[in-house]
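Trainee: Give me the fold of what follows.
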Amino acid sequence: MKKKIPEPILILIVAVAVIIVAAVVLPIVGGRGGEPRNTAAKKPKIDERIIKMSDYTYDGEALGEVRNIVVHYVANPGSTAIANRNYFNSLSDGHGVSASAHFIVGLDGEIIQCVPLECVAWANGSRESNLHSISIECCHPTSDGHFNEKTLESLRQLVKWLCEKYSLQKDAIIRHYDVTGKDCPRYFVAYPDEWEAFKDSVFEK
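Mentor: Sure, this is the predicted structure:
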């Protein structure tokens, strides 16, 4: 007569078998290299140059639930991302203006981060909006605010990554204009169809 395996040991053997099967099968089901099929958007290259915390830039207040990605233009034709970052930083000395943004996208497609994602930036002209949004300033070569292809492509990659990071849909991508009615970003205010096309492009495969 065969000796019966004690129940606790039998349960342990079954549990180990399940773990081994899961370790072998799940990577195959998920995709190559063990990555899930629906991988998050690749994080773009970001140059972190956090500006000084102050009463005129950002004060470290914790960002709330992110509901929007707000796109702006710098309204200073031909200026670079680093120049605009340095302008924000200079406000910390107290010039009577309070302003900042989480990111600036430059004319060559460079992305500079100015404010930590955990903190509120002062960009949208609305405290409620600032509390629940990530703000992106974009450089532009001409006064009409039209973004060149390098700027536009980096903006697209950045917005796509942020939307996946915060589980946001297309309607969560808005213009500064949609918050306060300000002519910003100018080109996308003047040409709303182009704005809709940009948002669609963020979610293209």
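
Trainee: where does stretch 79-99 sit relative to the chain's centre, distance-wise?
Mentor: From the chain centre to the centre of stretch 79-99 is a distance of 21 Å (CA atoms, centre = their mean, to the nearest Å).

Trainee: in it, what counts as buried?
Mentor: Across stretch 79-99, burial judged by 16 or more other CB atoms under 10 Å covers 79-81, 84-85, 87-89, 91-92, 99. Heads up, the C-betas are built off the backbone N, CA and C, glycines and all.

Trainee: Residue ranges in this structure under the pLDDT threshold?
Mentor: For the chain, the stretches with pLDDT under 70 are 1-40.

Trainee: okay, now the domains of it?
Mentor: 1-39, 47-202 (automatic domain parsing).

Trainee: Mean neighbour count, those: which tops it?
Mentor: domain 47-202 (a mean of 18; mean count of other CB atoms under 10 Å).

Trainee: In contact with residue 69, which residues?
Mentor: 133-134, 136, 159, 162-163, 168, 172-174 (CB atoms under 8 Å, 6 or more residues apart in numbering).

Trainee: Show me where the chain has its helices.
Mentor: 7-30, 81-90, 127-131, 149-165, 176-180, 186-190, 192-202 (DSSP state H).
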